[in-house]
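Asks: pasting the structure only:
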């Protein structure tokens, strides 16, 4: 495995680790769904008191990812759809 492949592997691993941490905090501390990240939840709950601020704050923190919370929600929806497609085969 060359250096470039190792770095790609590490970036993918680190991203998955951040997703798992976000899901764990959402489920265990915020009493949310275990397969939903905080960003995704902030987008889907932005009409609930307090979550609109959380969504704006997270989008501010991830300023390089325009509409981060919406993009996170779309990734969750895409992942769910892939699971459904695999289970109906």
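Replies: Received the coordinates, thanks. Bear in mind the structure is a predicted one, so any value in this text is a computation, not a measurement.

Asks: pull up the gap between residue 78 and residue 72, please.
Replies: According to C-beta to C-beta, to the nearest Å, residue 78 and residue 72 sit 11 Å apart. For glycine as for every other residue, the C-beta is placed from the backbone atoms N, C-alpha and C.

Asks: got it, and residue 33?
Replies: Taking C-beta to C-beta, one finds residue 33 at 13 Å from residue 72.

Asks: comparing residue 78 and residue 72, which residue is more hemmed in?
Replies: residue 72 (24 against 10; other C-beta atoms under 10 Å).

Asks: assign the residue lying closest to the more buried one once chain neighbours are set aside to helix, strand or coil.
Replies: Excluding the flanking residues, the one nearest residue 72 by C-beta to C-beta, 6 or more residues apart in numbering is residue 39, at 3.7 Å. Secondary structure, DSSP: H, G, I helix; E, B strand; the rest coil: residue 39 is helix.

Asks: isn't residue 39 up against residue 74?
Replies: No. Counting by C-beta atoms under 8 Å, residue 39 does not reach residue 74; the two are 10.7 Å apart.

Asks: which one's more surrounded, the two?
Replies: Using other C-beta under 10 Å as the criterion, residue 39 and residue 74 rank with residue 39 on top: 26 against 13.

Asks: for residue 56, grab the count of nearby residues.
Replies: Around residue 56 there are 13 residues (other C-beta under 10 Å).

Asks: in which helix or strand would I find residue 49?
Replies: Using DSSP states H and E, residue 49 is not contained in any helix or strand.

Asks: how about residue 17?
Replies: Assigned by DSSP H and E, residue 17 falls in helix 3-24.
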